[in-house]
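Q: got a predicted model here, sequence first, then my questions.
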Amino acid sequence: MPEIEVAFGLPEKQKLLQLQVPEGTSVRQAAEMSGMEAFFPDLDVSQAKLGIFGKLVARPEEQSVQAGDRVEIYRPLLIDPKEVRAKRAAAAKS
């Protein structure tokens with residue numbers, strides 16, 4: 001059984017869990033198996049974007065985890081980056 005890590009964090013609290021998963025476990029299944037929602041009640045792992053070592057996984061339901069992987073659960077953006085750039089550009093012009 002591969003041993004992996006699952007990580008999630010907020011600015012004030014972070015959690016890194018180690019777990020063993022069966023061969024062929026998908027990235028999404030690994031995140032759900034972690035039980036991270038018990039530590040972060042507002043987290044919805046079934047809808048969250050996921051990555052491995054900082055790289056977004058396009059199809060987490062299809063990609064399997066490998067031994068040693070760190071599955072990362074990403075928070076949704078609070079502000080659209082395009083809006084932030086537009087506001088900065090407007091402020092710089094005035």
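A: Arrived safely, thanks for sending.
Q: what about the protein, any weak spots by pLDDT?
A: 78 (pLDDT under 70).
Q: cutoff 80 now
A: By pLDDT under 80, the low-scoring segments of the chain are 77-81, 84, 94.
Q: and the residue nearest the centre of it?
A: Nearest to the mean C-alpha position of the chain, by Cα atoms, centre = their mean, lies I73 at 1.5 Å.
Q: just give the closest residue to it, not the sequence neighbours.
A: For I73, ignoring the flanking residues on the chain, the nearest one in space by Cβ to Cβ, 6 or more residues apart in numbering is F8 at 4.2 Å. C-beta here means a position set from N, CA and C on the backbone, and glycine is covered the same way.
Q: identify the bridge partners of the residue nearest to the centre of the chain.
A: Applying DSSP bridges to I73 gives these bridge partners: L50.
Q: sorry, back to before: the residue nearest to I73: neighbour count?
A: By other Cβ atoms under 10 Å, 23 other residues sit near F8.
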